[in-house]
Every structure is written in structure tokens, then in C-alpha cells.
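Engineer: heads up, no residue letters with this:
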């Protein structure tokens, strides 16, 4: 057989092990490490447990309603007034506690303000106080000027008065 012409020879192919090893290195660079895998496994297990518990709770609720609905319907003339009274009582207690907390916080803020400890918002209170004081002085000055004007008009209208 004839020997191939050196000018017609193909370029050598890269060895498959070199490209395979770089391919696996690229995959390993994107692969999660053991900590990330453990976190993903923990997330999956926790989500599964919570989903199962949700299903059990929903099933128990439906079964409980099926069994106790006749008793609830028969005794509803008792439960509706009791529930209403209980709701109003609890709502009143929670409101009173909330108002008490608001009053205590307000008193604490005022105590700090009057002691000069500069609680949050005290600069706005000081600004409002100075604005009110300046406005009151301006109104007083205008009233004195206007009052003097009226006194002179009264004297002009009734010179003997």
C-alpha cells in the first residue's frame, strides 16, 4: 500500500482524557459542597414534615366537624350568646391593656422630655412650641395695633366719649 502523503495527514486529535478531565473540573466547580447539600436535605425534610402535619391537622379538623356539627347545631342557642359575651369581654380587656400601654409610654416620654433627656420627637415638639409662641406674639401685636386703631376711630365718631 502506498504511504499517505505527509501534506494530506490530518491534524492530531486532542486526547479524550484531557477534555474529559476539564469537563469534570467544570462540573465540580458548580457542584454544591457538603454544607449546601446538608442544608438542602434539611430543608426538604423539614418541609415534608410540615406538609404532613398540615395534612393531619386539616383531616382532624374535618373529621371533628363531621362528628361534632350536630352537637354544635343543637346547642347553638347557648353558644352564640356565650361567644358574644366572651368576645366582648376579651376585646374590652385587650383594648384596656392596649390603652394602658399607650398611656404608660406617653407618660414615660413626657417624663424624659421634662427631665431634658431628649426622647425621640422632642425636637418636633420644641419646634411646634416655638411656632405657637411666635404666632401668639404676632396675634397679640396685631391686636394691640388694631385695638389702638379702633380706639382712635371711636374717639373720632364720638369726640366726647
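Structural biologist: Right, received. Where do you want to start? Only a predicted model underlies this, so the values are computations on that prediction, with no experimental measurement involved. Numbering: from 1, shown residues only.
Engineer: Pull out the buried residues from stretch 80-93.
Structural biologist: Using 16 or more other C-beta atoms under 10 Å as the test for burial, stretch 80-93 gives no buried residues. The way it works is simple: take the backbone N, C-alpha and C, and place the C-beta from them, glycine included.
Engineer: who are the neighbours in contact with residue 137?
Structural biologist: Shown in contact with residue 137 (C-beta atoms under 8 Å, 6 or more residues apart in numbering): no residues.
Engineer: Just the element for it, please.
Structural biologist: helix 122-157 (DSSP states H and E).
Engineer: Buried residues in that helix, which are they?
Structural biologist: By neighbour count on 16+ other C-beta under 10 Å, the buried set for helix 122-157 is empty.
Engineer: Average pLDDT for stretch 46-66, rounded please.
Structural biologist: For stretch 46-66, the mean pLDDT works out to 97.
Engineer: who's in contact with that stretch?
Structural biologist: Contacts for stretch 46-66 (C-beta under 8 Å, 6+ apart): none.
Engineer: how far does it sit from the chain's center?
Structural biologist: 29 Å (C-alpha atoms, centre = their mean, to the nearest Å).
Engineer: before we move on, what about stretch 45-57?
Structural biologist: Remark: stretch 45-57 is offset 27 Å from the chain centroid, using C-alpha atoms, centre = their mean.
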